[in-house]
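Enquirer: Sequence plus the predicted model coming up.
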Amino acid sequence: MKASYEDLRTVKQLVEEAPFLTEQKLRWYIFNAESNGLASAIVKISNRVYIDRRAFESWVESQRMAPLN
């Protein structure tokens, strides 16, 4: 999935948009991105980390314990 520039968020921006997240928890998800499947939602440019909001939403949806009816 190709990221659109409009969909890229910094950690702080994404936390502001997603009230269920804390900055500390999101950074933990990013640190463990290779093992938890979030790596495809992360864009690294130099030392900056950006999260593709749409890919992150898809990742969150994939974490459901049971499918929606």
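Expert: Okay, I see it. Remember, predicted model here, so these are calculated numbers, not experimental data.

Enquirer: wait, isn't Ser62 in contact with Gly37?
Expert: Yes. Assessed by CB atoms under 8 Å, Ser62 is found in contact with Gly37 at 7.1 Å. Where C-beta positions appear, they are placed from N, C-alpha and C, glycine not excepted.

Enquirer: And the two? Which one has more around it.
Expert: Gly37 (13 against 9; other CB atoms under 10 Å).

Enquirer: do you know how far the more buried one is from Tyr29?
Expert: Separation of Gly37 from Tyr29 (CB to CB, to the nearest Å): 10 Å.

Enquirer: Quick one: the strands in this structure, in order.
Expert: 8-9, 42-45, 48-52 (DSSP state E).

Enquirer: give me the number of residues near Arg9?
Expert: Neighbour number of Arg9 under other CB under 10 Å is 19.

Enquirer: Show me what it is bridged to.
Expert: Ile51 (DSSP bridges).

Enquirer: got it, and Lys44?
Expert: Beta-bridge partners, per DSSP bridges, of Lys44: Val49.

Enquirer: where does Ala18 fall, phi/psi-wise?
Expert: Here is the backbone geometry of Ala18 (degrees, to the nearest 10): phi -120, psi 90.

Enquirer: Could you measure from it over to Leu8?
Expert: 15 Å.

Enquirer: Check Ala39 too.
Expert: If you go by CB to CB, the gap between Ala39 and Leu8 works out to 15 Å.

Enquirer: out of these two, which sits in the more crowded spot?
Expert: More crowded of Ala39 and Leu8, by other CB under 10 Å: Leu8, with 18 against 13.
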